[in-house]
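**Student:** Mind folding the following:
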Amino acid sequence: PSESTPASLQVARAQTVTTLQLSPAQLTIGQPVTATVGVTPTAPGAGTPTGSITVSDGTATCSISLPASSCPLTASASGTLSLTAQYAGDASFAPSTGQASAGVGVNASAVDISATPTAPVAGDAIQLTASVQLQTSTQTLRAKAMTNANANTFAKALPTPGGSIRFSDNGKPIGTAALN
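**Tutor:** Presented below is the predicted three-dimensional model:
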């Protein structure tokens, strides 16, 4: 009888595809976005990948342990939020990466101005108060700026509206309050 020489065979990990979807696809600063991730093996691989996925914009991150499929992040700047989902792989499945992006707009705002006293007479000192109201889909945030002849005061709210408020009387500047 004849015998064959034993051969060794090494089984490679199955390749995977990582998909990433963001909801909503358009948001505003401070609004959370849900990152939904899927990891599937490519043929001839089969089975269910396990392990972890990290979703990141380069600064903020969230982690998912499979079989979970989503995690929240918050948009911190206007423009485009570009996220990458990195599947780390496991003993049977190779790592892979998916990417997605969402548009981030500037929050809507409204400014309300009031004066104290409400019926001044010539020579009265007047305190002007401007209320800047940022609006997101989940919350309304307020910041107040006050000015009088000698003082500027600002009460903070998070996230803080940026810039400054300039008070004027018929186009003539009478005071400024920084929003910082």
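**Student:** Phi, psi for the most centrally placed residue in the chain please.
**Tutor:** By CA atoms, centre = their mean, the mean C-alpha position of the chain lies nearest to Ala75, the distance being 1.2 Å. Main-chain dihedrals, Ala75, degrees, to the nearest 10: phi -70, psi 130.
**Student:** so what's it up against?
**Tutor:** Contact analysis of Ala75 by CB atoms under 8 Å, 6 or more residues apart in numbering lists Leu27, Thr28, Ile29, Gly30, Gln31, Pro32, Val33, Leu81, Ala102, Val104. In this view, the C-beta of every residue, glycine as well, is placed from N, C-alpha and C.
**Student:** can you rerun that using 6 Å?
**Tutor:** Listed by CB atoms under 6 Å, 6 or more residues apart in numbering, the contact set of Ala75 reads Leu27, Ile29, Gln31, Leu81, Val104.
**Student:** beta partners for the last one?
**Tutor:** Counting by DSSP bridges, Val104 forms beta bridges with Leu27, Gly79.
**Student:** my guess is it contacts Leu83, does it?
**Tutor:** No: with contact defined as CB atoms under 6 Å, Val104 does not reach Leu83; the gap is 11.5 Å.
**Student:** In the chain, what helix or strand scores lowest on average pLDDT?
**Tutor:** strand 152-155 (a mean of 30; mean pLDDT, DSSP states H and E).
**Student:** Quick check: can you name the pairing partners of the helix or strand that that one is followed by and their directions?
**Tutor:** Going down the chain from strand 152-155, the next helix or strand is strand 163-169, by DSSP states H and E. Paired neighbours of strand 163-169 in the sheet (DSSP bridges): strand 172-179 (antiparallel).
**Student:** Could you list the low-pLDDT ranges of this protein?
**Tutor:** 107-109, 133-162, 179-180 (pLDDT under 70).
**Student:** residues contacting the closest residue to the residue nearest to the centre of the chain other than its chain neighbours?
**Tutor:** Once flanking residues are discounted, Ala75 sits nearest to Val104: 4.4 Å by CB to CB, 6 or more residues apart in numbering. Neighbouring residues of Val104 by CB under 6 Å, 6+ apart: Leu27, Ala75, Ser78, Gly79, Leu81.
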